[in-house]
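Q: Predicted structure and sequence below. I'll ask about it afterward.
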Amino acid sequence: METQHASDSETAAVLNHEPIVPSREMAAYEALWTRRKTSFKTLAECFRTHPNTMPSELVSPQEIEQALSAVMEKISRASIGEFGVRLHGSVDYPARLRDAANPVELLYYRGWWDLIDAPKRIAVVGSRGVSEDGARRTRRLVRLLVEAGYTIVSGLAKGVDTVAHTTAIACGGKTIAVIGTPITEAYPPENRQLQEEIAEHYLLISQVPICRYAEQDYRSNRLFFPERNVTMSAISQATVIVEASDTSGTLAQARAALQQGRKLFILDSCFQNPDLSWPRHFEAQGAIRVSSIDDIQAALE
Amino acid sequence: MNRRVLAIDALALPDHHYLDGDDTCYYAGEYTAGEGHAYSDTNQLILNLKKSVDRRGRPEWRYKELAISQAAAILRGALKERARLTLVPVPPSKARTDPEYDDRMLRLLQQVSAGRPYDVRELVVQVNSTPAAHLAERRPTPDELVANYRLDERLAEPAPDTIFIVDDVLTTGCHYKAVKQVLQRRFPDATIRGLFVARRVPKSAFDAFDVLE
């Protein structure tokens, strides 16, 4: 596929900045990620040192050309029809993503982008190995949040995330999935159907580079999961943790929420478990212990 | 912060039926509103811009005025302050004498060019009012639009060099193509581009546009 190069002298004479060619920036982002040492941290540092720079200004035209055919091939092999990208520096890039410690420069999305600005957005997250009580609490919480007009943001993982998305949909609510795989993959595989449903009727977001993910093994790829929790927190006004162990990946989101100045709610039931130290640890840093949706609404409204 | 405009690239091209690889079109945002929701700033901006003129005088009308100023500020931010260019609005679908005549694009361009050397010219005018698209049996083709367009010869001199055809939303590209054709015929040496506040992604619900286009 060819990209259009709009960099002729006439354009330069009338526009303040080179226009963004989204497919080119997508390819450049993928190309940056094929460099072995690249991480969200190194990328964020790079763009901090070079403000107002687009990914395409940091890689060669040959690298862009190569990455573009590689990424388009993977997207078409995954049978993805409609998708889009959001780029820092354009009008539709959500400014609140800059609250993250290492803000992302590019996001892939599928579905209804409009939901990104739903007026009330709350992330509901927790363990993959959720207890029966935890699942019941998640269902009840999500139902009440949907009734109160909240859009439910979660990570499409097993356990609490899955219950959060499916309950939101079943209650006629809206939901946003921020996934830890590229848009071309689904994890866990049994959630593929749910991912498609969210991409079709709601909003699916991923910051994970498609080519890099395909090239490295699962041990490296699992590092993308906590990174997406940071983004999930940044797009939401608040995060609720339903259930989590002391080593759970969910706690990455707890740290991010507090660091980004977002409200962090922890269900009271987490404090009842004498084996857990994290609830008190985060409470001491500003998290709010809640036992009903009224507590959440009182803190947010 | 002056944010960058985006270019219609090979990925976006299929979303705009009448455009081809020879068209250079820029846009600031994407119109992505769904059935029953329009939350994003771009979606709100477009809906307010397109607010029907029969709302004039109502309290909500100020949102339209505000949207014109916001859209003007976005385009102003993208354009070089001292650029030499001619801005041509896509003509409204209703004639000046029609009660539904909406001059939002012209007013938007006047704000874009305030205090700057841009040359705003209504070079292409529509001869007859066209029925609202939702009442028509089908949408017109660019050639059918051209038949109803006329170049205003009184404004043709001096011949422009760089022309931006400006509209609020790029949908099929039909109006852009028709205006471009009329301009190209008269000014074969001019460079002609499109500049839009937003492009509509196909998934979005656009009932409001069917009524207003």
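A: That came in fine, so what should we check first? Remember, it's a predicted structure, so these values are computed and weren't measured experimentally.

Q: Report the closest residue of the stretch 151-300 of chain A relative to chain B.
A: Nearest residue of the stretch 151-300 of chain A to chain B: residue A:174, at 7.7 Å (Cβ to the nearest Cβ). (C-beta placed from N, C-alpha, C; glycine too.)

Q: Enumerate the residues of chain A near chain B.
A: Contact residues (Cβ under 8 Å from any Cβ of the partner chain) of chain A with chain B: A:1-4, A:6, A:10-11, A:13-24, A:54, A:82, A:84, A:89-92, A:111-119, A:174.

Q: And those residues, which of them are buried?
A: A:3-4, A:6, A:11, A:14-24, A:54, A:84, A:89-92, A:111-118, A:174 (16 or more other Cβ atoms under 10 Å in any protein chain shown).

Q: so where's chain B uncertain?
A: Where chain B drops to pLDDT under 70, the residues are B:1-2, B:131-137, B:206-213.

Q: So is the lengthiest helix in it next to chain A?
A: Using DSSP state H to define each element, chain B has its longest helix at helix B:61-78. Yes: remark: helix B:61-78 sits within contact range of chain A at B:74, B:77-78, by Cβ under 8 Å from any Cβ.

Q: Helices - which of the buried ones among the residues of chain A next to chain B land there?
A: Using DSSP H, those in helices are A:11, A:14, A:22-24.

Q: State the number of residues packed around residue B:11.
A: Look at residue B:11: counted by other Cβ atoms under 10 Å in any protein chain shown, it has 20 neighbours.

Q: now the strands for the chain?
A: No chain specified, so I'll use chain A. A:84-87, A:106-111, A:121-125, A:151-154, A:175-179, A:203-206, A:238-241, A:263-267, A:288-290 (DSSP state E).

Q: Correction: the question concerned chain B.
A: Per DSSP E, chain B carries strands over the ranges B:6-7, B:25-31, B:86-89, B:119-120, B:124-126, B:149-151, B:162-170, B:191-200.

Q: who does the second one pair up with?
A: What that stands for is strand B:25-31. With DSSP bridges as the test, strand B:25-31 is paired with strand B:6-7 (antiparallel), strand B:191-200 (parallel).

Q: Identify whichever of those strands lies nearest to residue B:48.
A: strand B:191-200 (11.0 Å; Cβ to Cβ).

Q: Find the residue ranges of the stretch 1-150 of chain A scoring beneath the pLDDT cut-off.
A: For the stretch 1-150 of chain A (pLDDT under 70), the answer is A:1-10.

Q: Need the residues that contact the longest helix of chain B.
A: The contact list for helix B:61-78 (Cβ atoms under 8 Å, 6 or more residues apart in numbering or on different chains) reads A:15-17, A:91, B:2-5, B:26, B:28-29, B:45-46, B:48-49, B:51, B:55, B:104, B:107-109, B:111-112, B:116, B:166, B:168, B:195, B:197.

Q: Please apply the same query to stretch B:93-110.
A: Residues contacting stretch B:93-110 (Cβ under 8 Å, 6+ apart): B:49, B:52-54, B:64, B:68, B:71-72, B:75, B:87, B:89-90, B:92, B:118, B:120, B:122, B:126, B:128-130, B:132, B:166-168, B:212-213.

Q: how about 6 Å then?
A: With contact meaning Cβ atoms under 6 Å, 6 or more residues apart in numbering or on different chains, stretch B:93-110 is reached by B:53, B:68, B:71-72, B:87, B:89, B:92, B:120, B:129-130.

Q: picking that back up, need the strands paired with strand B:25-31 in JSON lines with distance to residue A:147 and mean neighbour count, can you?
A: JSON lines is the format used below for those (distance: least, Cβ to Cβ, whole Å; neighbours: other Cβ atoms under 10 Å in any protein chain shown):
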{"stretch": "strand B:6-7", "distance to residue A:147": "38", "mean neighbour count": "26"}
{"stretch": "strand B:191-200", "distance to residue A:147": "32", "mean neighbour count": "24"}
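
Q: Tell me which residue is most central in the chain.
A: No chain was given, so I picked chain A. For chain A, the residue nearest the mean C-alpha position is residue A:178 (3.5 Å; Cα atoms, centre = their mean).

Q: You answered for a different chain; I wanted chain B.
A: Per Cα atoms, centre = their mean, the C-alpha nearest to the average position across chain B is that of residue B:167, at 0.9 Å.

Q: ok, what's across the strand from that one?
A: Under the criterion used (DSSP bridges), residue B:167 bridges to residue B:196.

Q: quick one on the thing from earlier: can I get the longest helix of chain B in PDB, CA atoms only?
A: C-alpha atoms of helix B:61-78 as PDB (Å, rounded to 0.1, in the frame of the first residue of the first chain):
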ATOM      1  CA  TRP B  61     -28.400  29.200  18.800                       C
ATOM      2  CA  ARG B  62     -25.400  30.600  20.700                       C
ATOM      3  CA  TYR B  63     -23.900  27.100  20.500                       C
ATOM      4  CA  LYS B  64     -23.900  27.400  16.800                       C
ATOM      5  CA  GLU B  65     -22.100  30.800  17.000                       C
ATOM      6  CA  LEU B  66     -19.700  29.300  19.400                       C
ATOM      7  CA  ALA B  67     -19.000  26.300  17.200                       C
ATOM      8  CA  ILE B  68     -18.300  28.600  14.200                       C
ATOM      9  CA  SER B  69     -15.700  30.400  16.400                       C
ATOM     10  CA  GLN B  70     -14.200  27.200  17.700                       C
ATOM     11  CA  ALA B  71     -13.900  25.700  14.200                       C
ATOM     12  CA  ALA B  72     -12.400  28.900  12.900                       C
ATOM     13  CA  ALA B  73      -9.800  28.800  15.700                       C
ATOM     14  CA  ILE B  74      -8.800  25.200  14.800                       C
ATOM     15  CA  LEU B  75      -8.400  26.100  11.100                       C
ATOM     16  CA  ARG B  76      -6.600  29.300  11.900                       C
ATOM     17  CA  GLY B  77      -4.200  27.300  14.100                       C
ATOM     18  CA  ALA B  78      -3.300  25.100  11.200                       C
END
